[in-house]
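**Q** Build the 3D model from these lines:
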Amino acid sequence: MPKYRYVARDRAGKSSTGQLQAHDEADLRNVLRANGLFLTQIKAASGEEGSATSAGQMVLFAKKPTLQDMVIATRQLATMMHAGMPMMETINLVGSQMTKPVLKSAFHDLELAVSGGESLSAAMSRFPKIFSKLIVAFVESGEATGNMAETLEAAALQLDREDNLKRKVKAATTYPKIVIAACVGTIAVMIIVVVPVFSQVYRQLGSGLPGPTLLLIAISDLSIRFGWLILLLGGIGAYFFRRYSETDSGRRRLDTISLKLPVLGLTFRKIAIARFVQTLSGALRSGVPVLQALQISGNMAGNTVIRDAVETATVKIREGSPIAPELEKTGEFPMMVTRMLAAGENSGSLDTMLDEVNRFYDRDVEYSVDKLTRMIEPMMTMLVGGIVLVILLALYMPVFNLGKALHGG
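**A** Sure thing, here's the model as predicted:
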């Protein structure tokens, strides 16, 4: 059994060092925990570093945690704090139950930071790719009000709502993606496999071919001869498009176009507004300051046009203007939303009114997504059928006039 040198802290934050024999790091942690200590550093007795590395290290190539992972982790933190468990023990226990290495490492670093006297919100802010601004803001609110368990539960609920909304949107786009992939695959097979067979037969006949057939054969020859170049150029184009979409100007341009698309644009706007309202409702109800709640909600909308509109309105709101009129001036929010917000502000029940708007948009987005899916299905089917029909007509046009082709005339 190997021997480890360790540095640990007790619940009061006092540091202690020593050596213990243990099967592995997990066994050492359990032994120390049984004695009221929490591991912060570990080394093998030979001087080699153990598996518990210094704070901030992350596992390379680790799979990024999903929203559902964060819902589970946040809800576990809330449940254990509701039960009265100490902060250090709660973080340690939740971290030990995480299955993804990146989350295990993050919770280990949270434990180190909190044991060193740092606040949980400050420690979480070190990991923006894991703990979003929304979670950090909720935790800050819990630390300020002393209702950490309640605010963490609210954060878990908000993340769960966001996950449900993403699932609805993903479900709506899955079918079109499958149909498009099937369409591309079918066309590729026909051009690369089927068309060359017909081309060889027609060349043996030596007859003149219609223009559409010649064009199709030319496309097939180019695809076979320069297919690698087409794929390479397509990959390069996709790479640069992705890089462009990640820039602020590129994302703003694409988001602006997406909101102006026929039919789809209205649905995209509803989804962005739903995310904004959901987040703002949850943040205000959990005690997050209004300006901070607006900033977080604008970012969570997932659309730079809506985010910029919220930022523009926030400038005047910071000076004392009401929320509803400033959002209405941007022209990006439906009148129903701004009027209900105005009613909530006037009656002093803004969070309640936001909940009503949230429920409306939750149902409206679900209906719009279902309607869009039903519209897309026949459109995509007609598109695939139309493309295949055009290819077949181009291939069989010489056959329709076979007698003329056989006589060379």
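
**Q** Using CSV, write down the CA coordinates of stretch 367-374.
**A** Extracted as CSV, the C-alpha positions of stretch 367-374 are listed here (Å, rounded to 0.1, in the frame of the first residue of the first chain):
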residue,chain,number,x,y,z
TYR,A,367,-46.7,25.6,-30.4
SER,A,368,-44.5,27.5,-32.8
VAL,A,369,-41.9,24.8,-32.9
ASP,A,370,-44.5,22.1,-33.5
LYS,A,371,-46.1,24.1,-36.2
LEU,A,372,-42.8,24.8,-37.9
THR,A,373,-41.9,21.1,-37.8
ARG,A,374,-45.2,20.2,-39.4
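
**Q** quick one: that stretch to chain centroid distance?
**A** The chain centre lies 21 Å from the centre of stretch 367-374; the measure is C-alpha atoms, centre = their mean, to the nearest Å.

**Q** Return the set of buried residues in it.
**A** Neighbour counts over stretch 367-374 (16 or more other C-beta atoms under 10 Å) mark 368, 369, 372, 373 as buried. Where you see a C-beta, it was placed from the backbone N, CA and C, and this is true even at glycine.

**Q** what does stretch 26-44 give?
**A** The neighbour-count check on stretch 26-44 (16+ other C-beta under 10 Å) flags 28, 29, 31, 32, 33, 37, 38, 39, 40, 41, 42 as buried.

**Q** now swap in stretch 238-257 and tell me
**A** Residues of stretch 238-257 classed as buried: 251, 255 (neighbour count, 16+ other C-beta under 10 Å).

**Q** ranges for the strands of the protein?
**A** Per DSSP state E, the chain carries strands over the ranges 3-10, 15-21, 37-44.

**Q** among those, which is nearest residue 167?
**A** With C-beta to C-beta, the closest approach to residue 167 among these belongs to strand 37-44: 37.0 Å.

**Q** Can you spell out which helices and strands pack onto the closest one?
**A** Other elements packing on strand 37-44 under the criterion 3 or more C-beta pairs under 8 Å, 6 or more residues apart in numbering; DSSP states H and E are strand 3-10, helix 25-34, helix 87-97, helix 101-115.

**Q** so can I have TSV of the ones you listed showing distance to residue 19 and mean pLDDT?
**A** Output for the helices and strands packed on strand 37-44, formatted as TSV (distance: least, C-beta to C-beta, whole Å; pLDDT from 0 to 100):
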stretch	distance to residue 19	mean pLDDT
strand 3-10	5	72
helix 25-34	10	72
helix 87-97	21	86
helix 101-115	20	83
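
**Q** Out of the ones you listed, which is closest to residue 154?
**A** Smallest distance to residue 154 across the helices and strands packed on strand 37-44 (C-beta to C-beta): 17.1 Å, for helix 87-97.

**Q** quick check: angle from that closest one to strand 3-10?
**A** With axes from the mean of the first three to the mean of the last three C-alpha atoms, to 10 degrees defining the directions, helix 87-97 sits at 140 degrees from strand 3-10.

**Q** Hmm, residue 250 is touching residue 242, no?
**A** No. Counting by C-beta atoms under 8 Å, residue 242 is not a contact partner of residue 250; they are 9.5 Å apart.

**Q** picking that back up, which of the buried residues of stretch 26-44 sits closest to residue 127?
**A** In terms of C-beta to C-beta, no member of the buried residues of stretch 26-44 lies closer to residue 127 than residue 40, at 17.8 Å.

**Q** separation between the closest one and residue 140?
**A** According to C-beta to C-beta, to the nearest Å, residue 40 stands 24 Å off from residue 140.

**Q** that older thread, dump the strands of the chain into a markdown table; add distance to residue 336 as well.
**A** Formatted as a markdown table, the strands of the chain follow (distance: least, C-beta to C-beta, whole Å):
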| stretch | distance to residue 336 |
| --- | --- |
| strand 3-10 | 54 |
| strand 15-21 | 58 |
| strand 37-44 | 52 |
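
**Q** Any stretches of the stretch 1-150 of the chain with poor pLDDT?
**A** Low-confidence segments of the stretch 1-150 of the chain (pLDDT under 70): 1, 10-15, 21, 23, 43-63.

**Q** partner residues bridging residue 4?
**A** Beta-bridge pairing for residue 4 (DSSP bridges): residue 20, residue 44.

**Q** Kindly provide the distance from residue 200 to residue 397.
**A** The gap separating residue 200 from residue 397 is 17 Å, by C-beta to C-beta.

**Q** Residue 261 is in contact with residue 268, isn't it?
**A** Yes. Counting by C-beta under 8 Å, residue 261 touches residue 268, with 7.3 Å between them.

**Q** So between the two, which is more surrounded?
**A** Neighbours were counted for residue 261 and for residue 268 using other C-beta atoms under 10 Å; residue 268 has more, 21 against 11.

**Q** Chain neighbours aside, what residue packs nearest to that one?
**A** Distances taken as C-beta to C-beta, 6 or more residues apart in numbering put residue 258 closest to residue 268, at 5.0 Å, once the chain neighbours are dropped.

**Q** To what extent is the one you found buried, counted in neighbours?
**A** Neighbours of residue 258 under the rule other C-beta under 10 Å: 16.

**Q** and it, what does it touch?
**A** Residues near residue 258 by C-beta atoms under 8 Å, 6 or more residues apart in numbering: 264, 265, 268, 303.

**Q** Tell me how far the first one lies from residue 330.
**A** Taken as C-beta to C-beta, the spacing of residue 264 relative to residue 330 amounts to 21 Å.

**Q** mind giving me the domain ranges of this protein?
**A** Listed by automatic domain parsing, the domain ranges of the chain are 3-44, 67-131, 158-409.

**Q** Comparing the ones you listed, which comes out most buried?
**A** domain 67-131 (a mean of 18; mean count of other C-beta atoms under 10 Å).

**Q** Tell me the one of the contacts of residue 258 nearest residue 279?
**A** If you rank the contacts of residue 258 by distance to residue 279 using C-beta to C-beta, residue 303 comes first, at 12.8 Å.

**Q** Kind regards, and thank you for your time.
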